[in-house]
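Student: I would like to see how this sequence folds:
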Amino acid sequence: MRENRLRTIWKTGGAAVNGWLAIPNGFSAETMAHQGWDTLTIDMQHGMIDYQAMVGMLQAVSTTPTVPIVRVPWLEPGILMKTLDAGAYGVICPMVNTREDAQRLVSYTHYAPQGSRSFGPVRALLYGGADYPRHANETIVAFAMIETAQALDNLDAILGVEGLDAVYIGPSDLSIALGCAPAFDDLEPKAAEAVEHILARAKAHGVVAGIHNGAPEAALKRIAKGFQFVTVGSDARLMAAAAQQAIAKMRAGAAAAPGSASY
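Tutor: Sure, this is the predicted structure:
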């Protein structure tokens with residue numbers, strides 16, 4: 001079966017740099033994949049990406065060594081299983097609030113006897129290889145998102161679920177749940193303390209901790225603290241930021257040029 005390079009990075013103690021895909025388009029996904037990200041996550045929870053667009057984006061990412069991950073819309077067996085059947089090598093599941101939620105996530109993403117995943121890895125066989133069914137359980141990565149006050153209360157119970165590989169912090173939702181302003185990087189003290197607590201408890205349980213970031217500087221600081229999966233921006237945000245920089249330079253240059261009122 002094709003190696004899951006995300007697991008290889010973690011085994012060596014490294015941190016994976018993850019990109020985020022919000023644009024429902026195969027070409028933009030392919031372009032992002034060729035930039036050197038360790039992993040790329042297709043976001044089906046928020047935004048415009050539906051299942052068919054996701055399949056095309058997985059195919060595009062597969063033209064590179066970048067590991068394809070999908071954030072599913074919800075903890076629901078049908079979409080989790082279809083996402084894995086389409087060839088995702090990792091899934092991020094939002095709003096995992098209890099031990100039972102985490103147990104269901106593990107069950108839906110693993111074949112028997114470890115779980116209840118239905119057999120039908122249609123595209124996964126093409127991406128992973130003919131021996132996919134034999135090795136999928138130890139290859140696929142399952143992330144539980146920790147982003148609510150309830151999840152914080154049940155954190156150790158969630159982290160103790162066998163087969164859960166990683167947790168992923170959504171700083172904005174977590175901040176809102178704790179009565180703070182939503183943010184990725186500059187969190188209010190209560191939210192920042194919660195992030196530190198989740199990281200410490202994940203380490204204690206031997207579970208990988210990941211987190212969403214707005215800027216590379218914040219992601220690097222979090223890697224230094226022990227996070228092993230950091231998201232930096234998204235295709236839409238990166239495109240917008242680069243366009244803004246180009247336009248700003250053009251307008252400044254045109255304004256400074258003698259006798260030019262516009263381009």
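Student: C-terminal to the host helix or strand of T31, what's the next element?
Tutor: Applying DSSP states H and E as the criterion places T31 in helix 26-33. Tracing the chain C-terminally past helix 26-33 and defining elements by DSSP H and E, one meets strand 39-43 next.
Student: in terms of secondary structure, what does that next one contact?
Tutor: The helices and strands touching strand 39-43, judged by 3 or more Cβ pairs under 8 Å, 6 or more residues apart in numbering; DSSP states H and E, are strand 16-21, helix 26-33, helix 51-61, strand 67-71, strand 90-93. C-beta: built from backbone N, CA, C; applies to glycine.
Student: picking that back up, and the helix holding T31, what's its mean pLDDT?
Tutor: In this model, helix 26-33 has an average pLDDT of 98.
Student: so which residues make contact with it?
Tutor: 19, 21, 23, 40, 42, 53, 56-57, 59-61, 63-64, 66, 235 (Cβ atoms under 8 Å, 6 or more residues apart in numbering).
Student: most widely separated two among those residues?
Tutor: Put simply, by Cβ to Cβ the two of the contacts of helix 26-33 set farthest apart are A53 and T64, 18.4 Å from each other.
Student: just the buried residues of stretch 232-241, please?
Tutor: If you call a residue buried by 16 or more other Cβ atoms under 10 Å, then stretch 232-241 has these buried ones: 232-236, 239.
Student: among those, show me the least confident.
Tutor: Between the buried residues of stretch 232-241, the one the model trusts least by pLDDT is G233, at 87.
Student: how near is I23 to Q59?
Tutor: For I23, the distance to Q59 under the criterion Cβ to Cβ, to the nearest Å works out to 15 Å.
Student: just want to know which of these two has more residues nearby.
Tutor: Set side by side, I23 and Q59 give different neighbour counts by other Cβ atoms under 10 Å, the larger being at I23 (21 against 18).
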